[in-house]
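Enquirer: predicted coordinates and the sequence they were generated for:
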Amino acid sequence: MVITFYTKVLEDELVGPFFIERLGDDLMNSTWAPHLDLLTDFWASFTIGDTNYRGNPFGPHVDMKGLTRETFQQWLRLFFTTLDEVYEPHVGEQLKQRSEIIASNFMRNLGL
């Protein structure tokens, strides 16, 4: 799911530039590799109760210039499309609900 989703993100004109600026435009580069592992652990904590995630998901967003509500809404659209492609509906719906909560909290904490 993570690879499928971030492939879409990198191709997106609104969301992609935020990731490309920090990590580059090639998911297979050495900068993306640890980030993909971190993201996999993050989402595995919600889907299968995995406890490997160690991080602060909000932290990196604090100093990102140019983030808007529209950016988060587009991120959610891409994420929902990916979930519909990859997961059975009951699993996808759980992740959709969780991602909406996360995005809402991020926007509130960023003052968007």
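Expert: Alright, I've got the coordinates. Note that the structure is a prediction, hence the values are computed from the model and not measured. Numbering: from 1, shown residues only.

Enquirer: hey, let's count contacts and neighbours off CA atoms from now on
Expert: OK.

Enquirer: any idea which element L38 lies in?
Expert: Applying DSSP states H and E as the criterion places L38 in helix 32-47.

Enquirer: what's that helix packed up against?
Expert: helix 2-11, helix 89-110 (3 or more C-alpha pairs under 8 Å, 6 or more residues apart in numbering; DSSP states H and E).

Enquirer: most packed of those helices?
Expert: helix 2-11 (a mean of 17; mean count of other C-alpha atoms under 10 Å).

Enquirer: quick check: closest non-adjacent residue to L36.
Expert: For L36, ignoring the flanking residues on the chain, the nearest one in space by C-alpha to C-alpha, 6 or more residues apart in numbering is V2 at 7.1 Å.

Enquirer: please read the previous query as pertaining to L39.
Expert: Using C-alpha to C-alpha, 6+ apart, the nearest residue to L39 is V2, at 7.0 Å.

Enquirer: so that neighbour makes contact with H35?
Expert: No. When contacts are counted by C-alpha atoms under 8 Å, V2 is not listed as touching H35 (10.3 Å).

Enquirer: can you flag the weakest of the helices and strands packed on helix 32-47 by average pLDDT?
Expert: Lowest mean pLDDT of these: helix 89-110, a mean of 93.
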